[in-house]
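**Student:** Okay, structure incoming, though there's no sequence with it:
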């Protein structure tokens, strides 16, 4: 089994979650999360509005594989950053990066500049979207409706019409709960946003 296998799994997971959201399925009901992570915090009630951005952090020209520093990669226990053009939903291919720990798991970041986070909050499709906060920015936490073991994505409202999309994909390292996977995605998204601030 090669490392490219995990890249395929991670990319397919991002695409499946996004494709499900464009279907004509029933509107999902957001599932509860533990709120135990310091990187994300939920909004009260069922609010689907994003808070105002502290500042615009445009993604144009950003290298997705430089969004986690060496120290940050060590903190989430990944050892390799692999650049790739990745498609989220039907937004078109965008600059992305797989931050990998062998075949165990990967964090996938995609820099979407063609559609903003409000897209995910429309309430249709097979993805539950919950508004959370990441490093002071509004974000949507995305889970497959009715599942708790596939992956979790957190996509951050960094600029008008743009989103920093971070997924955690377990690969061969199974056993995390949905809350744990979402906490991991939220932590990595927070680190990426903190780095993005220094690039502006």
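**Tutor:** Okay, I see it. All of these numbers come straight from a predicted model, not from anything done at the bench.
**Student:** The residue nearest to the spatial centre of the chain bridge partners, please.
**Tutor:** In the chain, the C-alpha nearest the mean C-alpha coordinate belongs to residue 166, at 2.4 Å (Cα atoms, centre = their mean). Beta bridges link residue 166 to residue 109, residue 154 when assigned by DSSP bridges.
**Student:** who are the neighbours in contact with it?
**Tutor:** Counting by Cβ atoms under 8 Å, 6 or more residues apart in numbering, residue 166 touches 107, 108, 109, 153, 154, 155, 156, 185, 188, 189, 192. Placement of C-beta: from N, CA and C, glycine included.
**Student:** Can you tell me how far it is from residue 64?
**Tutor:** Per Cβ to Cβ, to the nearest Å, residue 166 is found 10 Å from residue 64.
**Student:** Now do the shared contacts for the two.
**Tutor:** residue 109.
**Student:** Could you give the number of residues near residue 154?
**Tutor:** By other Cβ atoms under 10 Å, 29 other residues sit near residue 154.
**Student:** Check the spacing between it and residue 61 real quick.
**Tutor:** 23 Å.
**Student:** count of residues packed around residue 194?
**Tutor:** Number of residues near residue 194 (other Cβ under 10 Å) recorded here: 17.
**Student:** Checking it next. Helix, strand or coil?
**Tutor:** Put simply, residue 194 is helix when judged by DSSP: H, G, I helix; E, B strand; the rest coil.
**Student:** Give the closest residue to it in space, chain neighbours not counted.
**Tutor:** residue 135 (5.7 Å; Cβ to Cβ, 6 or more residues apart in numbering).
**Student:** So that neighbour versus residue 117, what's the distance?
**Tutor:** 14 Å.
**Student:** Now for these two: what residues contact both?
**Tutor:** Joint contacts of residue 135 and residue 117 (Cβ under 8 Å, 6+ apart) are residue 156.
**Student:** hang on, residue 132 in a strand?
**Tutor:** Yes. The assignment for residue 132 (three-state DSSP) places it in a strand.
**Student:** Hmm, residue 139 and it touching each other?
**Tutor:** Yes. Taking contacts as Cβ atoms under 8 Å, residue 132 lies within contact range of residue 139: 5.1 Å.
**Student:** which of the two has more neighbours?
**Tutor:** A count of neighbours by other Cβ under 10 Å puts residue 139 above the other of residue 132 and residue 139, at 33 against 25.
**Student:** if I read this right, the more buried one contacts residue 158, doesn't it?
**Tutor:** No. Residue 139 lies out of contact with residue 158 (Cβ under 8 Å); the separation is 9.1 Å.
**Student:** where do the strands sit along the chain?
**Tutor:** 40-42, 80-87, 93-101, 105-112, 127-134, 137-144, 152-159, 162-169 (DSSP state E).
**Student:** Pipe those strands into CSV and attach distance to residue 55 per row.
**Tutor:** Converted to CSV, these look like this (distance: least, Cβ to Cβ, whole Å):
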stretch, distance to residue 55
strand 40-42, 19
strand 80-87, 25
strand 93-101, 21
strand 105-112, 17
strand 127-134, 14
strand 137-144, 9
strand 152-159, 9
strand 162-169, 13
